[in-house]
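Colleague: Sequence first, predicted coordinates after that:
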There are 2 protein chains.
Amino acid sequence: MNARIAPGSVRRVACVGAGVIGGGWVAHFLARGYQVTAWDPAADAEDKLARLVEAAWPALTELGLAEGASQQNLTVADSLEQAVAEAEFVQESAPEDLELKRDLLARIDAATPAGVVISSSTSGYPMTDMQQRCTDPQRLVVGHPFNPPYLIPLVEVVGGELSEQWAVDWAAEFFEVAGKHVIKMDDEVPGFIANRLQEAIWREALHMVANGEATVEQLDASITAGPGLRWPLFGPCLTFHLAGGEGGMAHMLDHFGPSLKSPWTRLEAPELTDDLRDRMVRGCEEASGGAAVADMVADRDRAIIEVMRAVDKVKEAR
Amino acid sequence: MNARIAPGSVRRVACVGAGVIGGGWVAHFLARGYQVTAWDPAADAEDKLARLVEAAWPALTELGLAEGASQQNLTVADSLEQAVAEAEFVQESAPEDLELKRDLLARIDAATPAGVVISSSTSGYPMTDMQQRCTDPQRLVVGHPFNPPYLIPLVEVVGGELSEQWAVDWAAEFFEVAGKHVIKMDDEVPGFIANRLQEAIWREALHMVANGEATVEQLDASITAGPGLRWPLFGPCLTFHLAGGEGGMAHMLDHFGPSLKSPWTRLEAPELTDDLRDRMVRGCEEASGGAAVADMVADRDRAIIEVMRAVDKVKEAR
């Protein structure tokens, strides 16, 4: 393993699977200046990929391309084996099908040079369940992006039982170098973090449509005209920290704590023990770096105004 | 009821309860040019309210004040009765305590001129449960805002069993005139719409902290660096419509449908019946006005870039 390449020295990336997510990775890596080799078994994959990259390029250009970045640095390979043969990093983005991923990752592992990290875009399968058929499972990790991977910074990185810590650390560092915001997780939790939160919203929304309680249009407007305007700056925890006014999360939990028993969603809340209350209060203090609520409120207000203007600008340009 | 004022002719608004939410309403109505009378039983309420309005005013000024808008148009009344005596619209924003709200709304109802609509900021109590002790319950509705009410456009409007449709329609029209984005609901659902979605996220987040699966900081970053950047333009439904690529929501449900069975959140999903699938697909077509996915993707990308820039601007100004 001495020959292992440094995350900052990687030049050649392989993307296996080139649909919406895989193709988004291709666009991201091209924009960051990498040489990208892609492979996808679908008959029309090459055309779709070209269209996706072409469509993403103006946005990526505006954000700022890395030196040497070019759509010409993409090679579509004839086989998976050819795609990964010279890769210094592999990102797999196949459909969410556990059997398919197990087989595919084993094939990727067999064809990828030793010591090269292989990352899966899986939306929720634990790597432990996917790496079983690999000869060299310690280099496999999850690197879970958000759509579109060429714009949304988040990547959740976590290993499986057979993954080694070096691979998790290497992948986290590589993704950071490649311009992503990494959350490195210690334990495998199904759905990781962001998808668990997003999936909770999604399932409640599906229940509401199934029960005729809200339309798709009302559900979306409830977010875009409501809490969706607050979340780009402060996530759900710090948002509620501010909802507590000068008393912050402590006041918020003491005031709204009883609402956790209300049937406001089909998801039952955990017991608001003293321990959980303290963890939330302490967590908000840490996450806010001890900033005064009044200063954070001013930042939030500023951000809401700027975000509303950003959205208006896009709507006006339609 | 012939003397009922038109929603567009209202000049005098009363706010009962002047904490974070009630005070936020005061700031909103002042900025929209209304004469506002406020009352709150807390000893330090007047000072806190003055600070809140003062802190909000720069943001409101930048957004654009209505003609004649001034902080001078605020009167803090000595009693609830005095506050509502000449009101043409009343917004109640007391703490979330059902008994308290029942009594308070009965007192407001007794003191408010006939025909004047009374709206409650309740985060989740059905109006049916709150209006019982009122003499004139038909004019009571829920008008549920989001924090901060002076910036976030959303107001969810819904009546209780004893509310009359004219009151719901009047309140919806009044809030629109007063610059809000209204979702008018036909039926009382605990938590309305936005809070049900937000609460699903919140409860999943609390479970994750309680179980040591994620820290407050990771939870918030998973949203601010992830899906939180997509939601200001497209809500959760249209976001997933785009995740389906050229096939839209139909492809998305066919591809990710099986994931609804995955333990990605503690909230169990509804059965993805053909009927639910069709409602989601049709709902997305309606909500998108039949726009092509490729055009929506371009809008989304534009919006994500603008939103990221908006947030960066606020962070840099810290």
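Modeller: Thanks, I have it. Numbering: from 1, shown residues only, chains lettered A, B, ... in the order given.

Colleague: residues in contact with residue A:32?
Modeller: Shown in contact with residue A:32 (CB atoms under 8 Å, 6 or more residues apart in numbering or on different chains): A:66, A:69, A:178, A:179. Where you see a C-beta, it was placed from the backbone N, CA and C, and this is true even at glycine.

Colleague: what is residue A:90 paired to in the beta sheet?
Modeller: Note on residue A:90: beta-bridge partners by DSSP bridges are residue A:14, residue A:118.

Colleague: hang on, the earlier thing: now which of the contacts of residue A:32 would you call buried?
Modeller: Buried members of the contacts of residue A:32, counted by 16 or more other CB atoms under 10 Å in any protein chain shown: A:69, A:178, A:179.

Colleague: Find the nearest non-adjacent residue to residue A:110, please.
Modeller: Closest residue in space to residue A:110, ignoring its immediate chain neighbours: residue A:135 at 6.5 Å, by CB to CB, 6 or more residues apart in numbering or on different chains.

Colleague: ugh, wrong one, I meant residue A:219
Modeller: residue A:205 (4.9 Å).

Colleague: swap in residue A:76?
Modeller: Closest residue to residue A:76 apart from its sequence neighbours, by CB to CB, 6+ apart: residue A:46 at 4.9 Å.

Colleague: Could you confirm that neighbour falls within a helix?
Modeller: Yes. Counting by DSSP: H, G, I helix; E, B strand; the rest coil, residue A:46 is located in a helix.

Colleague: rewinding a little: spell out the secondary structure type for the residue nearest to residue A:110.
Modeller: Per three-state DSSP, the secondary structure class of residue A:135 is coil.

Colleague: Over to residue A:186?
Modeller: Three-state call for residue A:186 (three-state DSSP): coil.

Colleague: so where's the stretch 101-250 of chain A uncertain?
Modeller: Within the stretch 101-250 of chain A, the set of residues satisfying pLDDT under 70 is empty.

Colleague: Could I get the full set of strands for it?
Modeller: With DSSP state E, counting those that start in this stretch as the criterion, the stretch 101-250 of chain A has strands at A:117-120, A:140-145, A:154-159, A:181-184.

Colleague: Just send those back as JSON lines, with distance to residue B:115 and mean neighbour count too.
Modeller: Formatted as JSON lines, the strands of the stretch 101-250 of chain A follow (distance: least, CB to CB, whole Å; neighbours: other CB atoms under 10 Å in any protein chain shown):
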{"stretch": "strand A:117-120", "distance to residue B:115": "63", "mean neighbour count": "26"}
{"stretch": "strand A:140-145", "distance to residue B:115": "56", "mean neighbour count": "27"}
{"stretch": "strand A:154-159", "distance to residue B:115": "52", "mean neighbour count": "26"}
{"stretch": "strand A:181-184", "distance to residue B:115": "54", "mean neighbour count": "20"}
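
Colleague: So which residues on the stretch 51-200 of chain A come close to chain B?
Modeller: Contacts of the stretch 51-200 of chain A with chain B, taken as CB under 8 Å from any CB of the partner chain, map to A:55-56, A:59, A:62-63, A:95-96, A:123-124, A:146-148, A:151-154, A:156, A:181, A:183, A:185, A:187, A:189-200.

Colleague: one more time with 7 Å, if that's ok
Modeller: Applying CB under 7 Å from any CB of the partner chain, we find that the stretch 51-200 of chain A lies next to chain B at A:55-56, A:59, A:62-63, A:95-96, A:123-124, A:146-148, A:151-154, A:181, A:183, A:187, A:189-191, A:193-200.

Colleague: List the buried residues in stretch A:238-251.
Modeller: Residues of stretch A:238-251 classed as buried: A:238, A:239, A:240, A:241, A:242, A:243, A:244, A:245, A:248, A:249, A:250, A:251 (neighbour count, 16+ other CB under 10 Å).

Colleague: Actually, stretch A:92-111.
Modeller: Of all the residues in stretch A:92-111, those buried under the rule 16+ other CB under 10 Å are A:92-94, A:96, A:101-102, A:104-109, A:111.

Colleague: Please state the offset of it from the chain centre?
Modeller: Centroid separation for stretch A:92-111 versus its chain: 19 Å, with CA atoms, centre = their mean, to the nearest Å.

Colleague: same check, this time on stretch A:180-190
Modeller: Distance, centroid of stretch A:180-190 to centroid of chain: 9 Å (CA atoms, centre = their mean).

Colleague: ditto for stretch A:265-277
Modeller: In this view, stretch A:265-277 has its centroid 26 Å away from the chain centroid, taken as CA atoms, centre = their mean.

Colleague: for stretch A:168-184, same thing?
Modeller: Centroid separation for stretch A:168-184 versus its chain: 12 Å, with CA atoms, centre = their mean.

Colleague: Please write out the alpha-carbon positions of that stretch in PDB.
Modeller: The C-alpha trace of stretch A:168-184 is given here as PDB (Å, rounded to 0.1, in the frame of the first residue of the first chain):
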ATOM      1  CA  VAL A 168     -12.600   6.400   4.900                       C
ATOM      2  CA  ASP A 169     -10.100   9.100   5.700                       C
ATOM      3  CA  TRP A 170      -8.600   9.100   2.200                       C
ATOM      4  CA  ALA A 171     -12.000   9.400   0.600                       C
ATOM      5  CA  ALA A 172     -13.000  12.300   2.900                       C
ATOM      6  CA  GLU A 173      -9.800  14.100   2.100                       C
ATOM      7  CA  PHE A 174     -10.200  13.400  -1.600                       C
ATOM      8  CA  PHE A 175     -13.800  14.800  -1.700                       C
ATOM      9  CA  GLU A 176     -12.700  17.900   0.200                       C
ATOM     10  CA  VAL A 177      -9.900  18.500  -2.300                       C
ATOM     11  CA  ALA A 178     -12.400  17.900  -5.100                       C
ATOM     12  CA  GLY A 179     -14.500  20.800  -3.700                       C
ATOM     13  CA  LYS A 180     -17.200  19.000  -1.600                       C
ATOM     14  CA  HIS A 181     -18.400  19.500   1.900                       C
ATOM     15  CA  VAL A 182     -17.800  16.200   3.700                       C
ATOM     16  CA  ILE A 183     -19.600  14.700   6.700                       C
ATOM     17  CA  LYS A 184     -17.500  11.800   7.900                       C
END
